[in-house]
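Chemist: Sequence plus predicted model, see below.
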Amino acid sequence: MDNTNNEVKDSFEQLAATMAHEIKNPLALIKANVDLLEFDDKSEFHKKSFEVMRREISKINEMILDFINNVRDDSFEKINIGHLLRDVTEEFKTLAKIKEITVIEKIENKKLTILGAEEKIRRVLLNILKNAYDAVSEGGTIEVTAYEFIDYIKIEIKDDGIGMNEEILKMAGSPFFTTKEGGSGLGISICKKIIEEHGGIFNITGKPNEGCSVVLLIKKSRIES
């Protein structure tokens, strides 16, 4: 029975990835033609229409990429989440410099290890940091902490940005819900799904004008090095 389920899952993943790639090909052709038309037509009357078309094409491309990455079957392995979080934070600091954002790290020096798909966890962390970047004003602060918490590794990414009201907090993580112009609304939804696939908990708290805090709880690995 398990073999049958695995075969069905593999077939679905292959079909989903194939369909996504087939959609991307004509979409790329449409975008190329829009770019060509925009280059040839300099009128202000059509300028806004071209902007809308290009933005919507980019949104669909982003949704397809998220979908492909999400259905891909990544095998679990032992991950030093402390090292991964430091790598991601260092990568993010380059972006943070643009708005002169202070990034504070408080990552426990112990081996913080989990079992998981490293690239998926990396995407989750980067997505949360980029959301914090969008929410924070110039000269703001983002704090990244990680430490052992009972049987879990607790990761918290906290910002002092615009925050969220209760209504938005309730909807955060719902597919296609977004407060960003041109956003797909799939980022947080997929991040939440990935953490839950790892047997973890994904939680967002915040208040208007008092920033937000995203907490990830992921079970510790009990496999020794």
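Modeler: Cool, the structure landed.
Chemist: Helix or strand for the one residue sitting closest to the centre of the chain, just tell me which one.
Modeler: Nearest to the geometric centre of the chain sits residue 127, at 3.1 Å (CA atoms, centre = their mean). Per DSSP states H and E, residue 127 falls inside helix 118-135.
Chemist: ok, back up a step: with residue 215 as the reference, measure out to the residue nearest to the centre of the chain.
Modeler: Residue 127 sits at a distance of 15 Å from residue 215 (criterion: CB to CB, to the nearest Å). No exception for glycine: its C-beta is placed from N, CA and C like everyone else's.
Chemist: With residue 192 instead?
Modeler: Using CB to CB, which is the criterion applied here, residue 192 is 12 Å from residue 215.
Chemist: now swap in residue 59 and tell me
Modeler: Counting by CB to CB, the gap from residue 59 to residue 215 is 28 Å.
Chemist: One more: residue 188?
Modeler: 13 Å.
Chemist: I would like the residues contacting stretch 122-130, please.
Modeler: 69, 84-85, 87-89, 91-92, 95, 142, 144, 155, 157, 187-188, 190-191, 194-195, 214, 216 (CB atoms under 8 Å, 6 or more residues apart in numbering).
Chemist: Okay, buried residues for that stretch please.
Modeler: By neighbour count on 16 or more other CB atoms under 10 Å, the buried set for stretch 122-130 is 122, 123, 124, 125, 126, 127, 128, 129.
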